[in-house]
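Colleague: Give me the fold of what follows.
(chains A and B)
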There are 2 protein chains.
Amino acid sequence: MTDQELEKAAANGLINRRHLLGLGLAGMGAAVANSALAADAGMLLEIPAWSKTPGPGASDYGGRSSYAGQFQRMSGAPNPTYPGGGASRSPLQHLQGTITPNGLHFERHHAGVPDIDPSQHKLVINGLVRQPLVFSYEDLLKYPMVSKIYFLECSGNSGALWGANGADAPDGTAQSIHGLVSCAEWTGIPLSTLLDEAGVEPEARWIGAVGADAASMGRSVPLDRAMDDVLVALYQNGEPVRPEQGYPMRLLVPGCEGNISVKWLTQVKLTREPSHFRDETSKYTDTQPDRLSRQFTFPMGTKSLITTPSGQMTLNRPGLYQITGIAWSGRGSIRRVEVSADGGQTWADALLDDQHSHKALARFRIPWQWSGGSAILQSRATDSLGNIQPTRTGLINEVGLLGRYHFHGIQSWGVNSAGEVRNVFA
Amino acid sequence: MTDQELEKAAANGLINRRHLLGLGLAGMGAAVANSALAADAGMLLEIPAWSKTPGPGASDYGGRSSYAGQFQRMSGAPNPTYPGGGASRSPLQHLQGTITPNGLHFERHHAGVPDIDPSQHKLVINGLVRQPLVFSYEDLLKYPMVSKIYFLECSGNSGALWGANGADAPDGTAQSIHGLVSCAEWTGIPLSTLLDEAGVEPEARWIGAVGADAASMGRSVPLDRAMDDVLVALYQNGEPVRPEQGYPMRLLVPGCEGNISVKWLTQVKLTREPSHFRDETSKYTDTQPDRLSRQFTFPMGTKSLITTPSGQMTLNRPGLYQITGIAWSGRGSIRRVEVSADGGQTWADALLDDQHSHKALARFRIPWQWSGGSAILQSRATDSLGNIQPTRTGLINEVGLLGRYHFHGIQSWGVNSAGEVRNVFA
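Modeller: Predicted coordinates:
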């Protein structure tokens, strides 16, 4: 396929997504032809050692290839004044599709990962209920469950992009800047089932959910949301929730900032008012331009991110590249993702793998012919309610620079003529 | 909710699926009430050790809880005359949802798991093509990809249910009988993209796909299918395909018997006729009643399976239970799953978690009030093309008992008055 046959979709090399699957070798210089191979099979290639000797057999629980070492989370050095505190970030620039494997789901802990014996763990429902209840893990396994794919995103994700006034854009990768978002199939009991059983008193308006970690992480959730699609999640991608994700159970509040999905869930208390837990004032609040703080933010914004090419990658030569990334919305599904190669002057529609992304990651792709000149790559998501991802400047103009959470503006990756990709403010 | 309020959907205790999420404690005896808890939080419960001391912090790649030990695959003892040969089965009776985590995806190896260095691995496309091509792993990473959730099922799955003429049903669990089916989100390059690049000659009708394991496992696929939805899969649930699943790449032939999705893919040869590989005569063929063998079976049948309650489980007391299971079809999506508690005399519609199961697992659920008497639990799937899962007897009447592959008849779990669940022929 020649350049002339490729229908341009936007300036600076974006190609109509309809060409996505028709694009082969042209421009990529990827494959090496060897006419001797026409004669017969791979017999003319050297037979590798692993084809000559049987390998080990089946196992009880599988592991990764030793050659896939770059697929790991990124966590900071332990802080002795904050034992167990911190986070690890998913390697977004290396992942594909929309499901995050359990071993690579991002983490955020306030007092590390408790090693909970499920037979000794209790879930209490109390407060403004007709009948307080205590559930064991075994009890809960008998309840009706639902399964659904949902993203989780830390409210602090992408926080580096707020930047300081006038400062340059910080260097970083998709992982280091945005790696606090992941996606999994969660299975659990609708919280409404358990609340109905306890009998919610008419004056209750909120729940207070508390974890069994040493931080007693607690968050308040409005009752109407708690009765909607919230789960007591017991399974993640088919197997029990991992310890670092809340084993044996976590609250799962779809679409909302991650820390509200309280891990190691041990209490749900029905209340008239928010519980004003420590983590509802010491963190996760957004100071507004008038210096008042917005205490609660529930749904995460409509957001997207190009994961390839992305920060600290290098394009080796001009030619055809596959742009891909992820998009999500805390309020619905992703209806559209547009991509720009000229810093937002012109836009082309990317292809979405499917349309089932309700409060889940969506994967988008579009081909791009890099000329060898400079480019600024951006993506812009629109959700099913019509919410459009704002530019960084637009977001800052709206909410100011005093808050440090809930950044969902457009990410700009600058490409220079050497092919180096860097985070830029544009 | 009392018995009188529950709308019966079929005989022997099946309850209308609309009640599924409204069913709480009633009949399950699951929760323990403690009015002292009304006073305040979990403070009246003993505070466990893990709530008192911070745990370890974030990590590079997460692991499972040491308390989730039953979540493992089941593999037989190694056979010294068949090094690396054999299989491991997914613990279906313990899994939830539809995604199988990568560590628990079933395995079937003909010569064990090769430890392949991706930088030394080649994929050759040759035979009846205008231009033979050799691809490195790095080359392929640059190609356009698609992501989709697909099941894989071994053609030998559920083979124990063929049984011997007149013999009793073999004892077993959902895992030991049916554990050779799993489901993941696969990301890869449409094979059609690579074949188009090589240029398929007009006389080509088949491909022969060969793996780099020591068995040189090979399978033939008709060209029209190979040009349809077949992938060269590089990612499984977001991360690189695991070694035991074909790292660095496998063929992924959606809906078809698992061994056609050739692991460690190293060659795709275009041919006029099937290649008649060893594994297309020594195995995976079905002898018909007239003693001729059907050599090729591509799509797997329309099938379902109750995973809870299932073989070797025990129901502790009469009361309300949640029946759940999985369904799939190699030809389309699952439109309907019906459940019977009386061995197929009466049926009730189960609830499907969603309707997006094209060549993927679907999860079904229905509540059941066990009276304490005997019951035979069955499920019956219907796919989007109208194919209905046959009874075991119906399947045997159709294809005889000389073949040992491709069993997709209805599974019957017998429940006796002691609550013991066993595989039965019914």
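Colleague: Start and end of stretch A:67-74, how far apart?
Modeller: 18 Å (CA to CA, to the nearest Å).
Colleague: and it, does that touch chain B?
Modeller: Yes: counting by CB under 8 Å from any CB of the partner chain, chain B is contacted by stretch A:67-74 at A:Y67, A:A68, A:F71, A:Q72, A:R73, A:M74. C-beta here means a position set from N, CA and C on the backbone, and glycine is covered the same way.
Colleague: so of the residues you listed, which ones are in strands?
Modeller: Among the residues of stretch A:67-74 next to chain B, the residues falling in strands (DSSP state E) are A:M74.
Colleague: isn't A:R317 right up against A:A418?
Modeller: No: between A:R317 and A:A418 there is no contact under CB atoms under 8 Å: 10.9 Å.
Colleague: any idea how far the residue sitting nearest the centre point of chain A is from B:A341?
Modeller: Nearest to the mean C-alpha position of chain A, by CA atoms, centre = their mean, lies A:V181 at 2.3 Å. As defined by CB to CB, to the nearest Å, A:V181 lies at a distance of 43 Å from B:A341.
Colleague: And for the closest residue to A:S66 other than its chain neighbours, the neighbour number?
Modeller: Spatial nearest neighbour of A:S66, excluding adjacent residues (CB to CB, 6 or more residues apart in numbering or on different chains): B:D115 at 7.3 Å. When neighbours are counted by other CB atoms under 10 Å in any protein chain shown, B:D115 registers 14.
Colleague: tell me the contacts of B:D115?
Modeller: Applying CB atoms under 8 Å, 6 or more residues apart in numbering or on different chains to B:D115 gives the contacts A:W50, A:G55, A:S65, A:S66, B:P243.
Colleague: which of those residues are buried?
Modeller: A:W50, A:G55, A:S65, B:P243 (16 or more other CB atoms under 10 Å in any protein chain shown).
Colleague: Tell me the one of the residues you listed nearest A:N423?
Modeller: Nearest to A:N423 among the buried ones among the contacts of B:D115: A:S65, at 29.8 Å, using CB to CB.
Colleague: Make sure that closest one is actually in contact with B:G246.
Modeller: No: A:S65 lies out of contact with B:G246 (CB under 8 Å); the separation is 10.4 Å.
Colleague: Please list all residues in contact with A:S374.
Modeller: By CB under 8 Å, 6+ apart, the neighbours of A:S374 are A:G414, A:V415, A:N416, A:S417.
Colleague: pretty sure A:I410 contacts A:G344?
Modeller: Yes: with contact defined as CB under 8 Å, A:I410 counts as touching A:G344 (7.2 Å).
Colleague: Spit out the residues that contact those two alike.
Modeller: Counting by CB under 8 Å, 6+ apart, the contacts common to A:I410 and A:G344 are A:Q378, A:R380, A:T391.
Colleague: of the residues you listed, list those near chain B.
Modeller: Answer for the shared contacts of A:I410 and A:G344 near chain B: none qualify (CB under 8 Å from any CB).
Colleague: out of those, who has the most neighbours?
Modeller: Using other CB under 10 Å as the neighbour test, the shared contacts of A:I410 and A:G344 are led by A:Q378, with 26 neighbours.
Colleague: Pretty sure that one sits against A:S412.
Modeller: Yes: here A:Q378 reaches A:S412: they are 5.3 Å apart, a contact under CB under 8 Å.
Colleague: pLDDT below threshold where in the stretch 151-300 of chain A?
Modeller: Across the stretch 151-300 of chain A, nothing is flagged by pLDDT under 70.
Colleague: Looking at it, which residue is nearest chain B?
Modeller: Closest contact between the stretch 151-300 of chain A and chain B, by CB to the nearest CB, is at A:E197 (3.4 Å).
Colleague: Thought A:P132 was touching that residue, still the case?
Modeller: No: contact between A:E197 and A:P132 fails when scored by CB under 8 Å: they sit 10.9 Å apart.
Colleague: Of those two, give the one with the bigger neighbour count.
Modeller: Neighbour count, other CB under 10 Å: between A:E197 and A:P132, A:E197 has more, with 24 against 21.
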